[in-house]
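structure for the following, please:
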Amino acid sequence: MIGIVDLCYRKDSLSAYEFVAPIVRIVERKGLPCAVTHHSELGAGGPAGADGVILCGTALKDDRYIRHADAFGWLAAGEVPVLGICAGMQVIATVFGGELERGSEIGMTEVRVVKADPLFSGMDGFMAYELHNRAVRPPGCFDVLAVSADCIQAMRHASLQVYGVMFHPEVRNEWVVERFVQACTGRGNSAV
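You can find the predicted model right below:
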């Protein structure tokens, strides 16, 4: 089961249709069960019974999740693979001691892969959809995997299966989510 965390400002918000529902569709299309939990309802251990967790993005000016970063302490244990999308990458960076800085990208951006990783296997670069006002300066325990002209686009913890992507793969790069969930559940030959 894939745990999907809704980072939108409130449960069942209109933003969830844009940022959470597409992730649910991608996971279900792969034939995998999933459960959505709003970030305000997370327990101390994160989504219970999950083989992997996806922290979804949210609206451009929605940053309530960052004020509740203490609710994500369970990420540091690294008990399950995690993929943080945009706001999710910001949460991951914050939990592990990274920094958020001003950095706005809206629309299609060219992303260049700078470090080999199974998540981006066979890719040197690709176009991706961006929608963010903050960029991430990852902590030292993360490797930078991909960049754009303006900011870091993907990172991975050096020893845990914890990823962050600043772009929104649910828009034009569904293969990122597919590879991640396949690796989490052992369905397919991807390994993250």
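
residue ranges with poor pLDDT in the chain?
187-192 (pLDDT under 70).

swap the cut-off to 90 and go again
In the predicted model of the chain, residues 9-14, 40-49, 58-71, 73, 77-79, 103-104, 133, 183-192 satisfy pLDDT under 90.

mind listing what's buried in the lengthiest strand in the chain?
With residue count as the measure and DSSP state E as the assignment, the chain has strand 99-113 as its longest strand. Counting neighbours by 16 or more other Cβ atoms under 10 Å, one finds that the buried residues in strand 99-113 are 100, 103, 105, 109, 111, 113. For the C-beta atoms, the positions are set from N, CA and C on the backbone; glycine is no exception.

surely residue 136 touches residue 153?
No: the criterion here is Cβ atoms under 8 Å, and residue 136 misses it with residue 153 at 9.5 Å.

okay, and the beta partners of the most centrally placed residue in the chain?
Centrality entry for the chain: nearest residue to the mean C-alpha point is residue 84, 1.7 Å, by Cα atoms, centre = their mean. Counting by DSSP bridges, residue 84 is bridged to residue 55, residue 164.

just to revisit the earlier point, helix or strand right after the longest strand of the chain?
Sequence order places strand 125-137 as the next helix or strand after strand 99-113, per DSSP states H and E.

contacts for that next one, please.
57, 60-61, 63, 86-87, 89-90, 93, 98-113, 148, 150-153, 155, 164, 166-169, 171-173 (Cβ atoms under 8 Å, 6 or more residues apart in numbering).

and if you look at stretch 56-66?
By Cβ under 8 Å, 6+ apart, stretch 56-66 touches 4-9, 15, 18-20, 23, 39, 85-88, 90-91, 94, 100, 106, 131-134, 168, 170.

buried set for that stretch?
56-59, 62-63, 65.

I'd say residue 85 and residue 173 touch.
No: contact criterion Cβ under 8 Å: residue 85 and residue 173 do not qualify, at 10.5 Å.

and the two? Which one has more around it.
residue 85 (28 against 18; other Cβ atoms under 10 Å).

next one: residue 106 from residue 129, what distance?
Plainly put, residue 106 is 9 Å away from residue 129 if you go by Cβ to Cβ, to the nearest Å.

residue 116 too?
24 Å.

what about these two, which has more around it?
residue 129 (17 against 11).

once you drop chain neighbours, what's closest to the more buried one?
Among residues not flanking residue 129 along the chain, residue 171 sits closest, at 3.8 Å (Cβ to Cβ, 6 or more residues apart in numbering).

pull out the buried residues from the lengthiest helix in the chain.
Looking across the chain with DSSP state H, the single longest helix is helix 174-185. Within helix 174-185, the residues that count as buried by 16+ other Cβ under 10 Å are 174, 176-185.
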